[in-house]
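# Just to be clear, the model below is a prediction. Sequence and coordinates:
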Amino acid sequence: MIRSFVFADFLTLVNGLCGTGAVLAAMYFLVTVERRWLVTAMALLPVAFIFDFADGRVARWRHRSSPLGADLDSLADVISFGMAPAAIGFAVGLRGALDVAILLFFVACGIGRLARFNATADALADESGKVRYFEGTPIPTSVLIVALLALLHAQGRLGRDVWLGAWNLGGLILHPLALIYFISGSLMISTIRVPKL
């Protein structure tokens, strides 16, 4: 299988490995409460974003893609920009029952958005075969959520002092900060058109 990979596929794998590393670092933070692991988890996602951007550029520049390329990219993106941001949100304190439901919704939206893109990419392509726009926001935009969490972490506004506090809704806890994940997930599965760069 590896012999069928092109260089862009290896960049995609690094994207996925960064996301996996972020999930594991978030888990390690929960076990040790050492801030460096949370910072590591957050820092790995911009690195994943760079590799996600680079793999497509390299494939177009070298005019070489593999049959696995699109699916490989989607699987890596689910880990790096779906599961990893959700794991980081959980690690920083979004652990109420309603928070978890929203994090699960966010990941499900990311999976659905990527599946829709893979299924409709041919129909959305122009004469040159290039897709000019995304339907729904791209899943890598979740890096912006992690950037906000990093800012709040630097200000000491996570954990017990989480920004916007917590609401008790019929015995179920919701941190309003989790609604950012709900908005992001909803935008991913929307029909708004986002020009592809």
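Arrived safely.
# In space, what's closest to residue 141 - neighbours in sequence excluded?
Distance criterion Cβ to Cβ, 6 or more residues apart in numbering; nearest residue to residue 141, sequence neighbours excluded, is residue 184 at 6.8 Å. Using the backbone N, CA and C atoms, a C-beta is placed for each residue, glycine as well.
# buried residues in the lowest-mean-pLDDT helix or strand in the chain?
Within the chain, no helix or strand scores below strand 133-135, which has a mean of 81 by mean pLDDT, DSSP states H and E. Residues of strand 133-135 classed as buried by neighbour count (16 or more other Cβ atoms under 10 Å): 134-135.
# Which residue ranges of this protein form helices?
Remark: helices assigned in the chain by DSSP state H are 7-32, 35-62, 69-78, 84-91, 97-124, 143-154, 179-188.
# Quick check: buried residues in the fifth one?
Counting neighbours by 16+ other Cβ under 10 Å, one finds that the buried residues in helix 97-124 are 98-100, 102-103, 105-107, 109-111, 113-114, 116-117.
# Which other helices and strands does that helix contact?
Under the contact criterion of 3 or more Cβ pairs under 8 Å, 6 or more residues apart in numbering; DSSP states H and E, helix 97-124 touches helix 69-78, helix 84-91, strand 133-135, strand 172-174, helix 179-188.
# avg pLDDT for it?
The average pLDDT within helix 97-124 is 91.
# could you give the angle of it to helix 143-154?
Helix 97-124 and helix 143-154 are oriented at 150 degrees to each other (axes from the mean of the first three to the mean of the last three Cα atoms, to 10 degrees).
# Ok, the third one next?
In this structure, helix 69-78 runs at an angle of 20 degrees to helix 143-154, with the same axes, to 10 degrees as the basis.
# just how off-centre is helix 69-78 within its chain?
12 Å (Cα atoms, centre = their mean, to the nearest Å).
# Need the contact partners of that helix.
By Cβ atoms under 8 Å, 6 or more residues apart in numbering, the list of residues contacting helix 69-78 from outside reads 6, 8-9, 12-13, 15-16, 19, 48, 52, 55-56, 59, 66, 107, 110-111, 114-115, 117-118, 121, 139-140.
# Out of the helices and strands packed on helix 97-124, which gets nearest to residue 158?
helix 84-91 (9.1 Å; Cβ to Cβ).
# Output the contacting helices and strands for the closest one.
If you count contacts as 3+ Cβ pairs under 8 Å, 6+ apart, helix 84-91 packs onto helix 7-32, helix 35-62, helix 97-124, helix 143-154, helix 179-188.
# And the contacts of that helix?
Residues from elsewhere that reach helix 84-91 (Cβ under 8 Å, 6+ apart): 19-20, 22-23, 26-27, 29-30, 38, 41-42, 44-45, 48, 99-100, 103-104, 106-107, 142-143, 145-146, 149, 178, 181.
# mean confidence for it?
Per-residue scores along helix 84-91 average to 98.
# How about that helix, which residues are buried there?
84-91.
# ditto for stretch 68-84
Buried residues in stretch 68-84 (16+ other Cβ under 10 Å): 69-70, 72-84.
# Now do that stretch: distance from first to last residue.
Separation of the first and last residues of stretch 68-84 by Cα to Cα, to the nearest Å is 22 Å.
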